[in-house]
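Novice: Based on what follows, work out the 3D shape:
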Amino acid sequence: MTTLKSKLHDDLTAAIKARDELIASTLRLTLSAVAYEETAGKEARELSDDEVLKVIVREAKKRREAAEAFDKGGRAESAERERAEGEVLAGYLPQQLSDEELTAIVADAVAQAKAAGAEGPKAMGAVMKIVKPKVGDRAEGGRVAAAVKSLLAG
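Specialist: Predicted coordinates:
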């Protein structure tokens with residue numbers, strides 16, 4: 001078992017013993033998503049830590065989107081529950097980049113793209129190819145794309 005997956009299992013056991021329903025249910029759903037990912041495809045396999053991390057990122061994004069949908073629907077209590085679950089999952093994610101750090105990385109990538117001859121809004125793809133490996137899972141794709149668009153436009 002990978003170290004991240006075993007950490008999820010250990011934390012689930014601790015949450016059940018502590019009778020912490022929020023953490024226990026969140027980790028159960030996340031481990032279920034990991035198990036589904038392991039059995040998806042033609043044959044079952046063990047996920048690496050990076051693959052487990054991608055599942056956690058995807059689950060955290062689902063929680064954020066659900067919270068926004070509940071807010072729009074006027075269901076504040078459900079939105080608050082989704083946000084709380086998102087906070088539990090955030091503890092397993094790498095430290096997110098600040099806006100200043102993200103802007104610095106994007107500005108460097110825009111300069112590289114301009115040096116290669118790509119300019120204006122059409123350079124979006126070239127800049128994203130440079131930025132994405134540097135950023136990894138430390139910033140959400142939508143946030144990165146917004147930063148790239150603003151620097152390319154301005």
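Novice: my guess is Thr26 contacts Val88, does it?
Specialist: Yes. Using CB atoms under 8 Å, Thr26 is in contact with Val88, at 4.5 Å. Where you see a C-beta, it was placed from the backbone N, CA and C, and this is true even at glycine.
Novice: Okay, buried residues for the helix or strand where Glu80 lies please.
Specialist: Element membership for Glu80, per DSSP states H and E: helix 76-90. Buried residues in helix 76-90, counted by 16 or more other CB atoms under 10 Å: 79, 81-83, 85-86, 88-89.
Novice: ok, of those, which one's closest to Val34?
Specialist: Minimum distance to Val34 across the buried residues of helix 76-90 is 12.1 Å, recorded for Leu89 (CB to CB).
Novice: Isn't the closest one up against Leu29?
Specialist: No. Using CB under 8 Å, Leu89 makes no contact with Leu29, being 9.5 Å away.
Novice: Identify the contacts common to those two.
Specialist: The contact sets of Leu89 and Leu29 overlap at Glu59 (CB atoms under 8 Å, 6 or more residues apart in numbering).
Novice: returning to what we had before: toward the C-terminus, what is the element adjacent to the helix holding Glu80?
Specialist: Note on helix 76-90: by DSSP H and E, the next helix or strand toward the C-terminus is helix 99-115.
Novice: Contacts for that following helix next, please.
Specialist: With CB under 8 Å, 6+ apart, helix 99-115 has contacts from 97, 119, 123, 126-127, 130-131, 134-135, 139, 143-144, 147-148, 151-152.
Novice: Thanks a lot, see you next time.
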